[in-house]
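K.L.:
Structural data only, the sequence is not supplied:
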């Protein structure tokens with residue numbers, strides 16, 4: 001399996017994402033610059049956190065026009081696996097690959113600390129290694145993580161089982177319905193504000209994020225007829 005970690009001007013979690021893949025699944029992983037115009041060799045595309053293009057205008061609003069995003073759209077439409085974390089989630093919503101928008105935290109403060117999440121959907125490519133309703137601990141680090149959709153879209157998300165994670169207990173940013181992560185209808189594209197790549201070892205305070213990477217490897221192996229597990 002081949003992973004691509006996209007790099008935009010202002011990305012700062014690309015190294016974390018790269019090493020999370022190496023440490024959890026040991027598969028091939030490459031940094032891919034925002035000007036790339038071919039992602040055909042990759043099975044999974046990871047859009048990391050940071051401040052792409054300085055977060056000018058609106059988080060992710062400039063990155064959505066980068067050449068590589070056309071290839072991300074093609075990959076998503078072809079059923080390849082796409083994960084956007086924090087700024088990556090913002091980019092995917094701006095690009096129309098996921099519903100909703102990320103706005104300023106209701107506290108108007110940057111929040112950086114671990115949170116508890118409930119795994120609401122284990123049917124996506126990135127959550128099949130979790131148990132339904134399981135509580136996991138993953139850190140956040142964002143100033144614009146307040147997920148918003150209108151009431152009609154929220155009902156559609158619920159009906160289609162597209163809510164992947166919810167904050168348990170305290171909602172750190174005001175997200176509607178405590179939503180911390182969502183997927184597209186097919187379940188091959190997932191976006192979330194918490195950082196699973198920063199929770200892949202007990203040395204980091206939690207290894208609950210590691211199963212997101214083993215999940216997508218499982219999904220790829222199942223799709224390609226290989227044995228699941230490592």
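P.N.:
That came in fine, so what should we check first? Computed from a predicted model, the values in this text were never measured in an experiment.

K.L.:
what's the neighbour count on residue 103?
P.N.:
By other C-beta atoms under 10 Å, 17 other residues sit near residue 103. Yep, even glycine has a C-beta here, placed from its N, CA and C like the rest.

K.L.:
per-residue confidence at it?
P.N.:
Looking at residue 103, its pLDDT reads 97.

K.L.:
Residues contacting the helix ranked longest in the chain, please?
P.N.:
As assigned by DSSP state H, the longest helix anywhere in the chain is helix 210-223. The contact list for helix 210-223, computed with C-beta atoms under 8 Å, 6 or more residues apart in numbering, reads 1, 20-21, 23-25, 27, 43-44, 81, 83, 124-130, 196, 199-201, 227-230.

K.L.:
Quick check on these: which are buried?
P.N.:
Buried members of the contacts of helix 210-223, scored by 16 or more other C-beta atoms under 10 Å, are 1, 20-21, 24-25, 27, 43-44, 81, 83, 124-130, 196, 199-200.

K.L.:
I'd like the mean pLDDT over the longest helix of the chain, please.
P.N.:
96.

K.L.:
what comes up buried for that helix?
P.N.:
The neighbour-count check on helix 210-223 (16+ other C-beta under 10 Å) flags 210-220 as buried.

K.L.:
Would you reformat those as a markdown table and include distance to residue 10?
P.N.:
Shown next, in a markdown table, are the buried residues of helix 210-223 (distance: C-beta to C-beta, whole Å):
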| residue | distance to residue 10 |
| --- | --- |
| 210 | 26 |
| 211 | 29 |
| 212 | 23 |
| 213 | 24 |
| 214 | 29 |
| 215 | 28 |
| 216 | 25 |
| 217 | 29 |
| 218 | 32 |
| 219 | 30 |
| 220 | 29 |
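
K.L.:
If we only consider the residues you listed, which is nearest to residue 135?
P.N.:
residue 211 (13.1 Å; C-beta to C-beta).

K.L.:
Could you pull out the buried residues of stretch 22-36?
P.N.:
Neighbour-count burial for stretch 22-36 [16+ other C-beta under 10 Å]: 24-25, 27, 29, 32, 34, 36.

K.L.:
quick one: average pLDDT of that stretch?
P.N.:
So the average pLDDT for stretch 22-36 ends up being 97.

K.L.:
again with stretch 143-156
P.N.:
97.

K.L.:
contacts for it?
P.N.:
Everything outside stretch 143-156 that qualifies as a contact, by C-beta under 8 Å, 6+ apart, is 55, 59, 86, 90, 99-106, 109-111, 157, 162, 172-177, 179-180, 182, 193.

K.L.:
Quick one, which of those are buried?
P.N.:
Using 16+ other C-beta under 10 Å, the buried members of the contacts of stretch 143-156 are 55, 59, 86, 90, 99-103, 105, 111, 157, 162, 172-173, 175-176, 179-180, 182, 193.

K.L.:
So which of those residues belong to helices?
P.N.:
Mapping the buried ones among the contacts of stretch 143-156 onto helices (DSSP H) picks out 90, 157.

K.L.:
And the helices in this protein?
P.N.:
Under DSSP H, the chain gives helices at 14-24, 67-77, 87-94, 151-159, 210-223.
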